[in-house]
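# Just to be clear, the model below is a prediction. Sequence and coordinates:
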Amino acid sequence: MLLLDLPLEILPEILEHVVKPQHLAATCLVNKTFNLFATQRLYERISIYSWHKEGKAKVRFNSFHW
């Protein structure tokens, strides 16, 4: 049995165990199906930092919807 033979319903559950953003980014490159599921997971949380001298604020966006 190949990974591509598995039901699509379990792919999001498998991707829950991929925690590093660079690993999720690599998963997006596997094929179109993986890209669809992994991209949603990759952009689930977005953090934007202020990089100027006085900037200490961090803005976090959760639950990014397509």
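That came through, no problem.

# What ranges does this structure have for its helices?
Taking DSSP state H as the test, the helices found in the chain are 11-15, 21-27, 32-42.

# I'd like these as CSV, with distance to Met1, mean neighbour count and mean pLDDT appended.
The C-beta positions use only the backbone N, C-alpha and C, and glycine is treated the same way. Output for these, formatted as CSV (distance: least, CB to CB, whole Å; neighbours: other CB atoms under 10 Å; pLDDT from 0 to 100):
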stretch, distance to Met1, mean neighbour count, mean pLDDT
helix 11-15, 14, 14, 91
helix 21-27, 19, 14, 94
helix 32-42, 16, 16, 93
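
# Make a markdown table from those and add distance to Tyr49 to it.
Compiled in a markdown table, the helices of the chain are given as follows (distance: least, CB to CB, whole Å):
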| stretch | distance to Tyr49 |
| --- | --- |
| helix 11-15 | 25 |
| helix 21-27 | 15 |
| helix 32-42 | 18 |
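
# May I have the residues that are in contact with the residue nearest the centre of the chain?
Closest residue to the average C-alpha location of the chain: Leu42 at 1.4 Å, with CA atoms, centre = their mean. The neighbours of Leu42, taking CB atoms under 8 Å, 6 or more residues apart in numbering as the test, are Pro21, Leu24, Ala25, Cys28.

# Sounds good, over and out.
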